[in-house]
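Asks: Okay, sequence plus prediction incoming.
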Amino acid sequence: MTSLREIAVGSTAEVELITGSDPTSERLLEMGITPGVHVRVIGVAPLGCPLELEVRGYRLSIRRSDAARVAVFPSVGPRSPRAGSAPLRRPLPR
Amino acid sequence: MNVTAAGAAEASPPLMVALLGNPNTGKSTLFSALAGIATRVGNYPGVTVEEKVGRFVHAGRPIDLIDLPGTYSLSPKSPDEKVAVDLLRGRLAGMPAPDRIVIVVDATNLERNLYLASQAIEIGLPTVIALTLGDAAADRGIAVDAAELSRRLGCAVVPVVAPRRQGIAKLADAILAALPPRQPEGLAAALAAVDPAQLPAAREAIGRYAWIERVVEGVVRRRPVARSIDDRIDAVVTHRVWGTLLFALTMLAVFTSIFWLAAPLMEGISAGVDTFAEVVRGLLPEGAVRSLVVDGVIAGAGSVVIFVPQIALLFFWIALLEGCGYLSRAAFLMDRLLVGVGLSGKSFIPLLSSFACAIPGIMAARTIENPRDRLLTILLAPLMSCSARLPVYFLMCGAFVPNVPVAGIPWLRLPAVVLASLYALGVVVAAVAAFVLTRTVFRGPPQPFVMELPGWRWPQVRIVLERVREATWSFLSGAGTTILAMSVVLWALSHYPRNEAAVEAEVASERTSLRARLDGEEDAATVADLSAALDALDTPEGLDAARRGAAQRQSFLGLTGRFIEPVVRPLGWDWRLGCAAIASFPAREVVLGTLGVIYNLGDVDAGSEEGGTALVRRLRAATWDGSRRKVFTLPVALSIMVFFALCAQCASTLVVIWRETGSWIWPVASFTSMTVLAWLGAFVTYQLGTFLVG
């Protein structure tokens, strides 16, 4: 399983699922990181953590440890034109 | 425009309107565009979440606009969010459910904003959506079809450009006309369609976002932009080299302005208060009333107002950085540094500002949403060496730390090393304290750190000024009044009991003891010091200073100093130092002045060259009662500095901790633990120093 923390800076990945059910996982979902959405890793803070992401057309920052709970499908390319806009229509994974 | 100020005819009861929205959506700009300046600012009952209400009149109907804390969803993760949710559902004690909801929706970030909006619409109260930041959206090539959005959501959608007041009257009309929304088309179906194998929280998010994606399809049109402005700015701001450099420069600017720019303003206030005090002193007959008014009330009010420049400047910067979007980038850059001790990047600016003064630093912790991190930051802030400790460090380092090179490096002088170590001491102790506290008292499930990095935009002058005004006013009216009351109490403790005969007796015994020490003293410098002190007793000023010193030593505070002598003895202190430490409680910066009074110099300005020299000479000459042993040696000076680096001898800080946490437990805990730490630190320093130096 690939997680968001392994995605290279500049790449976009499609979210498979969020593991865990604590407030952090819940907040990630509420912020729009839901299965099927495209997330682009924009950068990493100079000290190596946290990550800067783009999802649904806005930016947010999460820690590497929290990025590990976001399972993603392998990278869909360095610069997807659809990143942050409409997600792919694909059946929801279990 | 028929939006008028409060105070017009108010026949009907005011309409209660709740302003709801995600953070960073221009909610406060919209609040001030609708209601002007808040007419009521306070706390919600039982919590320290700020309640802000503004009254305005539209079309003859008075409206109370309640600015709810920014929230991302209606399943709250923090006390701020819980207040918003409870109020909307009418579950907040003493507050009825609102009559209307205005949901602020950011046009640049429609999908995520509609998450909260869809939950709020489901409550069923008459709802209006204010579509903000349409101008910023246009810059990013985003166009939102408000009419179509309104049709799909089942409630009115009014585009507004709050800074230019566009659409504000229309929004007010829509608020009055609002009807309960019909349930949004397809939402229930979308929620029901989610795979039941998903966890409940995930089901809610997946279903809602699936519905939102359908809502925005055709409502939002994106014109492709080559590379967004945000992209280009972020590439620099979060860059390893340029971002770090820019951050360092920004923090330098923030710190310089509260550390140095505030200084002339504070001196001006201080001079103004002094002049006023002198005028009043001239108007009142000598006696207890004059002393109460001048030394108690006016000096106390002065010690409150003196903090205003630093608070105002810091909040100016915070509002500016928050307004343009840099505040969260700063937290982003610094997060890693603070994660290790259990905090987040958001604590950086509050802790940094505490090096100037803990009071604005503690207030700046308001920008931390996470309650645990906020409390911890508040408790750690007083450990940062503030500018009020600097005069103590300077005096002690200058007078008692030998100016010798360290490790054979000619430019590395011992006093500078000691000074740097004192700053480091505070930081290290704070880091250890944070590490321990997050694993004991503040242990709990990890708090989500999912921080939005809002789009870059120009800060609004009005919002920045309003923020400064709000912070200053909340300090003056909240903490200020308590600090003033405390100053009066402390004045009384340092002025009573007044026993003239005992004072005269002490001055006389002082004279005898000086004569006795002069007899048989051989060291020329000491002879000069002793005879100067003896001669001073024969001048009117010197006698007055001696009387004041005796009176202070015999006051309740002074008596406490004597009483605690056994406690401060292991630190190498005599009872006079104990007195000075206790008497500096009203504010650390008075400790040198207190030392001056206790050592019979009267009011010395220890900051001035001659005042400082006089104080240093007096301190150097000081001996233990009934002996020739000097009080101030290198280990004692170090022990004093370590004590002041770690102690919480600052009543104003403790009052502000009380105000900001809403509980007396925290200032009491803070005072107790810091005093114990300071004592232990000073004890180890003195004992180790004596052992090494002899």
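Replies: Structure's in. What do you need?
Asks: Kindly spell out which helices and strands sit in contact with the host helix or strand of residue B:670.
Replies: Residue B:670 is part of helix B:665-693, with elements assigned from DSSP states H and E. Using 3 or more Cβ pairs under 8 Å, 6 or more residues apart in numbering or on different chains; DSSP states H and E, the elements in contact with helix B:665-693 are helix B:371-380, helix B:414-439, helix B:634-646, helix B:651-661. Placement of C-beta: from N, CA and C, glycine included.
Asks: For the longest one, buried residues please.
Replies: Applying a neighbour-count criterion of 16 or more other Cβ atoms under 10 Å in any protein chain shown, one finds B:415, B:417-419, B:422-423, B:425-426, B:429-431, B:433-434, B:437-438 buried in helix B:414-439.
Asks: Now the helix or strand following it - C-alpha only, CSV.
Replies: Using DSSP H and E, the helix or strand that directly follows helix B:414-439 along the chain is strand B:450-453. C-alpha atoms of strand B:450-453 as CSV (Å, rounded to 0.1, in the frame of the first residue of the first chain):
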residue,chain,number,x,y,z
VAL,B,450,-4.5,19.8,9.7
MET,B,451,-3.8,23.4,8.9
GLU,B,452,-5.3,25.3,6.0
LEU,B,453,-2.8,27.5,4.1
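Asks: coming back round to it: can I get the helices and strands packed on helix B:665-693 in TSV with mean pLDDT and distance to residue B:690?
Replies: Formatted as TSV, those follow (pLDDT from 0 to 100; distance: least, Cβ to Cβ, whole Å):
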stretch	mean pLDDT	distance to residue B:690
helix B:371-380	92	31
helix B:414-439	92	16
helix B:634-646	93	5
helix B:651-661	91	31
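Asks: right, and those - which one's nearest residue B:400?
Replies: Among those, the nearest to residue B:400 by Cβ to Cβ is helix B:634-646 (3.5 Å).
Asks: what angle do that closest one and helix B:665-693 make?
Replies: Comparing the axes of helix B:634-646 and helix B:665-693 via axes from the mean of the first three to the mean of the last three Cα atoms, to 10 degrees yields an angle of 160 degrees.
Asks: and helix B:634-646, what does it pack onto?
Replies: Looks like helix B:634-646 contacts helix B:390-400, helix B:414-439, helix B:575-583, helix B:665-693 (3+ Cβ pairs under 8 Å, 6+ apart).
Asks: Could you rerun that using 10 Å?
Replies: In terms of contacts (3 or more Cβ pairs under 10 Å, 6 or more residues apart in numbering or on different chains; DSSP states H and E), helix B:634-646 is packed against helix B:390-400, helix B:414-439, helix B:575-583, helix B:591-598, helix B:665-693.
Asks: gap between the fourth one and the chain center?
Replies: Average the C-alpha atoms of helix B:591-598, do the same for its chain, and the two points are 27 Å apart (Cα atoms, centre = their mean, to the nearest Å).
Asks: Ok, stretch B:631-646 next?
Replies: Distance, stretch centre to chain centre, for stretch B:631-646: 28 Å (Cα atoms, centre = their mean).
Asks: can I get the CA coordinates of that stretch in PDB?
Replies: This file holds the C-alpha atoms of stretch B:631-646, laid out as PDB (Å, rounded to 0.1, in the frame of the first residue of the first chain):
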ATOM      1  CA  VAL B 631      26.700  39.800  50.300                       C
ATOM      2  CA  PHE B 632      27.300  40.100  46.600                       C
ATOM      3  CA  THR B 633      29.800  37.600  45.200                       C
ATOM      4  CA  LEU B 634      29.900  36.000  41.800                       C
ATOM      5  CA  PRO B 635      27.900  32.900  43.000                       C
ATOM      6  CA  VAL B 636      25.300  35.200  44.600                       C
ATOM      7  CA  ALA B 637      25.000  37.300  41.500                       C
ATOM      8  CA  LEU B 638      24.600  34.200  39.300                       C
ATOM      9  CA  SER B 639      22.000  32.800  41.700                       C
ATOM     10  CA  ILE B 640      20.000  36.000  41.600                       C
ATOM     11  CA  MET B 641      20.100  36.000  37.800                       C
ATOM     12  CA  VAL B 642      19.100  32.400  37.500                       C
ATOM     13  CA  PHE B 643      16.300  33.000  40.000                       C
ATOM     14  CA  PHE B 644      15.000  35.900  37.900                       C
ATOM     15  CA  ALA B 645      15.400  34.000  34.700                       C
ATOM     16  CA  LEU B 646      13.000  31.300  35.900                       C
END
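Asks: picking that back up, could the helices and strands packed on helix B:634-646 go into CSV alongside distance to residue A:60?
Replies: Output for the helices and strands packed on helix B:634-646, formatted as CSV (distance: least, Cβ to Cβ, whole Å):
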stretch, distance to residue A:60
helix B:390-400, 40
helix B:414-439, 24
helix B:575-583, 48
helix B:591-598, 47
helix B:665-693, 31
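Asks: returning to that earlier point: for the helix holding residue B:670, list every residue counted as buried.
Replies: By neighbour count on 16+ other Cβ under 10 Å, the buried set for helix B:665-693 is B:666-667, B:670-671, B:674-675, B:677-679, B:681-683, B:685-686, B:689.
Asks: and the residue lying closest to residue B:193 once chain neighbours are set aside, what pLDDT?
Replies: Leaving aside its sequence neighbours, residue B:193 sits nearest to residue B:207 (Cβ to Cβ, 6 or more residues apart in numbering or on different chains; 6.9 Å). Predicted confidence (pLDDT) for residue B:207: 93.
Asks: give the contact list for the closest residue to residue B:675 other than its chain neighbours.
Replies: The spatially closest residue to residue B:675, leaving aside those adjacent along the chain, is residue B:647, at 5.7 Å (Cβ to Cβ, 6+ apart). Applying Cβ atoms under 10 Å, 6 or more residues apart in numbering or on different chains, we find residue B:647 in contact with B:382-383, B:389, B:581, B:584-585, B:588, B:671, B:674-679, B:681-682.
Asks: Just give me the closest of these to residue A:66.
Replies: Nearest member of these to residue A:66, counting by Cβ to Cβ, is residue B:383, at 28.9 Å.
Asks: Report how many residues lie close to that closest one.
Replies: Residue B:383 is flanked by 27 other residues according to other Cβ atoms under 10 Å in any protein chain shown.
Asks: Name the nearest residue to the residue in the stretch 251-400 of chain B that chain A sits nearest to, ignoring sequence neighbours.
Replies: Relative to chain A, the nearest point of the stretch 251-400 of chain B is residue B:336 (3.6 Å; Cβ to the nearest Cβ). Excluding the flanking residues, the one nearest residue B:336 by Cβ to Cβ, 6+ apart is residue A:47, at 3.6 Å.
Asks: tell me which parts of the stretch 301-450 of chain B are close to chain A?
Replies: B:325, B:328-329, B:331-337, B:339, B:344-345, B:445-450 (Cβ under 10 Å from any Cβ of the partner chain).
Asks: Would you mind checking these for buried ones?
Replies: By neighbour count, with 16+ other Cβ under 10 Å, these hold B:325, B:328-329, B:331-337, B:339, B:344-345, B:447-450 as buried.
Asks: so is the residue in chain B sticking out farthest from the centre in a helix, a strand, or just coil?
Replies: The outermost residue of chain B, judged against the average C-alpha position, is residue B:520 (55.3 Å), by Cα atoms, centre = their mean. Secondary structure, DSSP: H, G, I helix; E, B strand; the rest coil: residue B:520 is coil.
Asks: Fine by me, thanks again.
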